[in-house]
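1. Fold the following and give me the result.
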Amino acid sequence: SRIYDAEKNFSQTFDSRIYDAEKNLSQTFDSRIYDAEKNLSQTFDSRIYDAEKNLSQTFDSRIYDAEKNLSQTFDSRIYDAEKNLSQSFDNRVWKAELYLKKEILARIWLLNRMLANIENSQNHKDKLSTTSIYGANFYEDNQYGSFMSAIEVLKYLIPIYNPSSIVDFGCGTGTWLAAAKQINRDIQVTGVDGDYVDRNMLMVKKEEFLARDLTENLDLHKKFDMVISLEVAEHLNEKYADTFIDTLCRHSDIVLFSAAHVGQGGDGHVNEQPISYWVEKFEKRGYIWNDIRNEFKDNYNIEQWYKDNISIFIKNR
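-> Next up is the predicted model:
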């Protein structure tokens with residue numbers, strides 16, 4: 001009985017202690033697991049929150065930068081487009097205004113000259129306009145632009161070369177010679193061209209004009225300080241090109257020359273050539289080419305064909 005009671009008490013004590021130990025251990029494990037899960041959850045939540053926050057900030061920053069760059073790119077392209085469009089319109093309007101101004105001044109010029117010469121020239125003009133492409137209408141259309149171009153070119157060249165005498169082969173109505181006299185009235189001028197030129201349209205004295213055939217080998221038995229021949233050579237058949245250059249070189253050591261380039265187009269052009277074609281011919285005769293086109297390229301008072309083709313040839317002494 002005592003042994004039984006002892007075993008029973010011992011068993012109850014162990015069971016109670018084991019139960020309490022298991023209970024305490026379970027509570028400890030549960031508490032530690034709960035704390036671990038809680039800490040792990042908080043850690044994960046914090047890391048996920050930070051990751052989401054950083055990712056959101058990164059995306060927001062990249063999206064902002066992309067939008068900013070895209071906006072700047074668009075703004076820049078729109079600005080450039082507006083600027084180019086504005087410049088294009090401004091340039092076209094400016095050129096149109098310049099063209100209209102020249103046309104108006106040319107018409108006023110022509111009207112003044114027609115009024116001054118109407119009684120003496122009308123019958124002769126009518127005859128010329130039906131018999132030659134170089135009649136009154138041809139010269140009327142070109143006279144003002146030619147004269148203004150001559151003023152701009154010669155006011156640059158005359159102080160450099162200081163010519164006291166000038167001859168113009170293919171002078172037309174003498175616009176370039178008149179411009180030379182305008183710059184220096186003491187310059188002696190001679191104009192040479194076909195008999196088709198209307199004497200009443202001359203801008204030089206009639207005695208300063210000589211009617212000659214430019215296809216012939218001409219000799220005026222005089223040397224001049226400067227020869228001018230501008231936009232003439234292309235009107236002569238190529239078989240006369242060497243003869244014409246001989247005529248120019250025979251009369252001066254300084255030749256102001258231009259001729260229409262290939263594709264330029266114009267009335268009566270039968271021998272359009274690149275400038276190298278004419279340079280070679282002058283060089284064979286001992287002349288040095290001076291390309292002066294850059295001096296006039298931005299001068300809008302000069303007709304484009306002069307700016308494209310004009311040169312000075314000087315005898316190599």
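2. tell me how far the ends of stretch 212-224 are from each other?
-> 17 Å (CA to CA, to the nearest Å).
3. List the contacts of it.
-> 163, 165-167, 169-170, 190, 192-194, 210, 232, 236-237, 240, 243-244, 246-247, 250-252 (CB atoms under 8 Å, 6 or more residues apart in numbering). All C-beta spots, glycine's among them, are computed from the backbone N, C-alpha and C.
4. For this structure, give me the ranges with low pLDDT.
-> For the chain, the stretches with pLDDT under 70 are 89, 91, 93-142.
5. Beyond the strand or helix carrying residue 80, next helix or strand please.
-> Using DSSP states H and E, residue 80 sits in helix 2-131. Going down the chain from helix 2-131, the next helix or strand is helix 136-161, by DSSP H and E.
6. from the middle of its chain, how far away would that following helix be?
-> On the basis of CA atoms, centre = their mean, to the nearest Å, helix 136-161 sits 24 Å off its chain's mean C-alpha point.
7. And for whichever helix or strand comes after it, what's in contact with it?
-> Going down the chain from helix 136-161, the next helix or strand is strand 165-169, by DSSP H and E. Residues outside strand 165-169 that contact it (CB under 8 Å, 6+ apart): 174, 176-177, 180, 187-193, 214, 218, 220, 224-230, 232, 244, 247-248, 251-252.
8. how about a cut-off of 7 Å?
-> The contact list for strand 165-169 (CB atoms under 7 Å, 6 or more residues apart in numbering) reads 176-177, 180, 187-192, 214, 224-229, 232, 247-248, 251.
9. ditto for stretch 18-37
-> Contacts of stretch 18-37 (CB under 7 Å, 6+ apart): none.
10. Return the set of buried residues in that stretch.
-> For stretch 18-37, the neighbour count (16 or more other CB atoms under 10 Å) marks no residue as buried.
11. circling back: which among the contacts of strand 165-169 count as buried?
-> 176-177, 180, 187, 189-192, 214, 224-229, 232, 247-248, 251.
12. residue contacts, the closest residue to residue 254 other than its chain neighbours?
-> Excluding its sequence neighbours, the residue lying closest to residue 254 (CB to CB, 6 or more residues apart in numbering) is residue 226, at 4.8 Å. Going by CB under 7 Å, 6+ apart, residue 226 touches 161, 163, 166, 252, 254, 256.
13. cool, and residue 316?
-> 286, 287, 288 are the contacts of residue 316 under CB under 7 Å, 6+ apart.
14. run the last query once more with 6 Å
-> For residue 316, the contact set (CB atoms under 6 Å, 6 or more residues apart in numbering) comprises 286, 288.
15. repeat for residue 297
-> residue 307.
16. swap the cut-off to 10 Å and go again
-> Residues in contact with residue 297 (CB atoms under 10 Å, 6 or more residues apart in numbering) are 304, 307, 308.
17. my guess is the first one meets residue 264, correct?
-> Yes - with the criterion set as CB atoms under 10 Å, residue 304 and residue 264 qualify as a contacting pair; they are 9.1 Å apart.
18. Quickly list the domain ranges of this structure.
-> Per automatic domain parsing, the domain ranges recorded for the chain read 1-95, 132-315.
19. Please identify the most buried of those domains.
-> Stretch with highest mean neighbour count among the domains of the chain: domain 132-315 (a mean of 18; mean count of other CB atoms under 10 Å).
20. Against residue 299, how distant is the closest residue to residue 306 other than its chain neighbours?
-> Residue nearest to residue 306 in three dimensions, not counting chain neighbours: residue 149, with 5.1 Å by CB to CB, 6+ apart. Using CB to CB, to the nearest Å, residue 149 is found at 9 Å from residue 299.
21. Between the two, which contacts overlap?
-> 306, 307.
22. Before I go, just wanted to say thanks for your time.
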